[in-house]
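Chemist: got a predicted model here, sequence first, then my questions.
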Amino acid sequence: MIDGFNFAYLDEATKRMIRRTILKAICIPGYQCPFGGREMPLAYGWGTGGIQVTASIIGMNDTLKVIDQGADDTTNAISIKNFFKKVCQIKTTEDTENASIIQTRHRIPEKKLSEHQILVYQVPQPEPLRRLEPKEQETRKLHAYEEYALMHVKLYEEISHYGSVIKTYAYPVRTNRRYITDPSPTPKFDNPKMDFMEALQLFGAGRERRIYAIPPYTSVKSLDFEDHPFEIQTWDERCDICGSNNSYLDEIIVNDKGEKKFICSDTNYCEKNIKT
Amino acid sequence: MIIKDKILEVKNLTHYYGEQVGCEDISFDLYQGEILGIVGESGSGKSTLLKCLSGQISPSQGIINFCIDQNQPLQDLCKISEQKKRALMRKEWGIVQQNPRDGLRLRVSAGGNIAERIINEEIKNYSNIRHKALEWMDKTEMEKSRIDDFPLNFSGGMQQRLQISKILSSNPKLVYMDEPTGGLDVSVQAKLLDTITIIVRDLNVSMIIVSHDLAVVKFLTDKLLVMKSGMVVESGLTDRVLDDPQHSYTQLLTSSILQV
């Protein structure tokens, strides 16, 4: 560990404050709890919320995995992993199964998570109603009084203009039949995984200073209309590397002629598929 | 009239802005299907009264009792929770704003605007919502083809029609209208008034209309309150008040109508 820093970078009082917020968030699934977000040694938008949550819950015996868009080897993922290696000297891994804490940006691992794991999301905008209602005072009331017609107006608009709901990421969900929650910018492909997930899901928004949570085994339903039910993305192609036809695929342009390939966005899942 | 049809009961309603009188000692009853007009010059307390009645501000003194369900006793508007008040405004009551841009979401399509009040009633079926929205556009004589257009690009008259569709689509019991035809040219005004009358009589909805336009009031309302300096100076059946004004201010008001 480097000198002059507390374990996991944050001081103990801050960690305690964040843990209290997390406990409150778990008690009220989907409710956005304000917390005193600290300055972190990286820019807002790079995962300051997620890092603070991870720093508050991480212990000596934890194994950390960090993914960005499903990949273990992207800049954001590696930087955050290195950061925690430096300030905690804990074990890190790329193996989804072996990780006790997984910090993620934009994806949920394809491998089913277990009760012993915690999934920490980095969230840019925690308020699903923000684009519909700019006033914080008003959105809080909308949540408190369960006035959620606006969200369905949004879905109505998309169906009227485009024939179907075109929102493909950050697709709003109803948590525990109560709060409408933003699943952070994960693709809607991952929404069904959140429903009754065995792992604890924690969401940290650093810039907006909000933490919310979905406890294990909690119902998470994507919003829809009876006659326009929620659907996830599908692909005609298979992963070019491992041949998977049931994972989330990224489209990659491979040459100047515009030829493209599809590969798994979850790198660890892809690797394991090749080995077996 | 039978007592159980009463949907609003106002007693000694008074509101002060600090030392300043907003409105003072106002009492009246409103029955199902009745249309009440409130006239008076600028600053006479019409808007203050309307704000009190629609729960936007709580009055300094007085009682506002309302009825939603005929089998239930009257409830005091000032004593219900904010949550109930908001629910009331979403479904049972509605306010048609003078400026339709205040009552509409300009970047949501016409259909979406109407849909908002319909969705509140727990309809979660897209086709039903759309069908109902079209029905309401038809009733207010809007072109159905404009259902997916944004009110931002509508004319003033069309915007007002849309606002009225939106409010009425939840089948409200009581609608407040604040200068519904203000800012519209005379021919558009006349057509809009026609539409309002037909729909309102059809739905048997009660209305309170605030206006300084006596022609509008004469055309639409059954009863009339004339306000001056925060007080009601004269009240009664609209025809009676306008044909045979008693108070000097009402006399001044009726004689100031421009004759063409």
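Modeler: Ah, there it is.
Chemist: packing partners for the lengthiest helix in chain B?
Modeler: In chain B, taking DSSP state H as the definition, the longest helix is helix B:186-203. Using 3 or more Cβ pairs under 8 Å, 6 or more residues apart in numbering or on different chains; DSSP states H and E as the contact test, the elements touching helix B:186-203 are helix B:156-168, helix B:214-220. Bear in mind the C-beta positions are built from the backbone N, C-alpha and C, glycine included.
Chemist: list the buried residues in the helix or strand following the longest one.
Modeler: So that's helix B:156-168. Next along the chain after helix B:156-168, taking DSSP states H and E as the criterion, comes strand B:174-178. Neighbour counts over strand B:174-178 (16 or more other Cβ atoms under 10 Å in any protein chain shown) mark B:Leu174, B:Val175, B:Tyr176, B:Met177, B:Asp178 as buried.
Chemist: list phi and psi for residue 257.
Modeler: As the question left the chain open, I've gone with chain A. Backbone torsions of A:Lys257, given as degrees, to the nearest 10, read phi -80, psi 0.
Chemist: wait, chain B was what I had in mind.
Modeler: Taking degrees, to the nearest 10 as the convention, B:Ile257 sits at phi -70, psi 130.
Chemist: tell me which residues touch it, please.
Modeler: B:Leu214, B:Ala215 (Cβ atoms under 8 Å, 6 or more residues apart in numbering or on different chains).
Chemist: if you set the cut-off to 7 Å instead, what comes out?
Modeler: Neighbouring residues of B:Ile257 by Cβ atoms under 7 Å, 6 or more residues apart in numbering or on different chains: B:Leu214.
Chemist: count of residues packed around B:Leu77?
Modeler: Applying other Cβ atoms under 10 Å in any protein chain shown, we find 22 residues neighbouring B:Leu77.
Chemist: that one contacts B:Ser54, doesn't it?
Modeler: No. Here B:Leu77 does not reach B:Ser54: they are 8.9 Å apart, not a contact under Cβ atoms under 7 Å.
Chemist: what residues does the longest helix of chain B touch?
Modeler: The contact list for helix B:186-203, computed with Cβ under 7 Å, 6+ apart, reads B:35, B:139-141, B:157, B:160-161, B:164, B:168, B:180-181, B:184, B:207, B:216, B:219-220.
Chemist: domain-wise, how is chain A divided?
Modeler: Structural domains annotated on chain A: A:12-222, A:234-276, as defined by automatic domain parsing.
Chemist: straight-line length of the first one, end to end?
Modeler: Domain A:12-222 stretches 37 Å from its first residue to its last (Cα to Cα, to the nearest Å).
Chemist: circling back: by neighbours, which of the contacts of helix B:186-203 wins?
Modeler: Among the contacts of helix B:186-203, B:Gln160 has the most neighbours (other Cβ under 10 Å), with 30 neighbours.
Chemist: that one: what's it in contact with?
Modeler: Listed by Cβ under 7 Å, 6+ apart, the contact set of B:Gln160 reads B:Pro100, B:Pro180, B:Leu184, B:Leu192.
Chemist: closest to chain A out of those residues?
Modeler: Nearest to chain A out of the contacts of B:Gln160 is B:Pro100 (Cβ to the nearest Cβ; 17.4 Å).
Chemist: the closest one against B:Gln163, yeah?
Modeler: Yes. Contact criterion Cβ under 7 Å: B:Pro100 and B:Gln163 qualify, at 4.3 Å.
Chemist: next one: the residue nearest the centre of chain A, what pLDDT does it get?
Modeler: Per Cα atoms, centre = their mean, the C-alpha nearest to the average position across chain A is that of A:Tyr121, at 3.4 Å. Note for A:Tyr121: predicted pLDDT of 97.
Chemist: which residues touch the residue of the stretch 1-150 of chain A found nearest chain B?
Modeler: Relative to chain B, the nearest point of the stretch 1-150 of chain A is A:Ala149 (4.3 Å; Cβ to the nearest Cβ). Going by Cβ under 7 Å, 6+ apart, A:Ala149 touches B:Glu116, B:Ile119, B:Asn120.
Chemist: tell me the buried residues in stretch A:77-95?
Modeler: A:Ala77, A:Ile80, A:Lys81, A:Phe83, A:Phe84, A:Val87, A:Cys88, A:Ile90, A:Thr92, A:Thr93, A:Glu94.
Chemist: count the neighbours of residue 15 for me.
Modeler: In the absence of a named chain, chain A is used. A:Lys15: 19 surrounding residues under other Cβ under 10 Å.
Chemist: not quite, go with chain B.
Modeler: By the criterion of other Cβ under 10 Å, B:His15 has 22 neighbours.
Chemist: can you confirm it is in a strand?
Modeler: Yes. Counting by DSSP: H, G, I helix; E, B strand; the rest coil, one finds B:His15 located in a strand.
Chemist: can you pull the contacts of it?
Modeler: By Cβ under 7 Å, 6+ apart, the contact list for B:His15 reads B:Gly22, B:Cys23, B:Thr48, B:Cys52, B:Ile57, B:Pro59, B:Ser60.
Chemist: mind listing what's buried in stretch B:26-40?
Modeler: B:26, B:28-40.
Chemist: now do the end-to-end distance for that stretch.
Modeler: Distance across stretch B:26-40, first residue to last, is 14 Å (Cα to Cα).
Chemist: same deal with stretch B:52-72?
Modeler: Taking Cα to Cα as the criterion, the two ends of stretch B:52-72 lie 23 Å apart.
Chemist: need the contacts of A:Ala149 in a markdown table (columns: neighbour count).
Modeler: Below are the contacts of A:Ala149 laid out as a markdown table (neighbours: other Cβ atoms under 10 Å in any protein chain shown):
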| residue | neighbour count |
| --- | --- |
| B:Glu116 | 22 |
| B:Ile119 | 22 |
| B:Asn120 | 18 |
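Chemist: filter the residues you listed by proximity to chain A?
Modeler: When Cβ under 7 Å from any Cβ of the partner chain is applied, the members of the contacts of A:Ala149 adjacent to chain A are B:Glu116, B:Ile119, B:Asn120.
Chemist: could you dump those residues into TSV and include secondary structure?
Modeler: Output for the ones next to chain A among the contacts of A:Ala149, formatted as TSV (three-state DSSP):
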residue	secondary structure
B:Glu116	helix
B:Ile119	helix
B:Asn120	coil
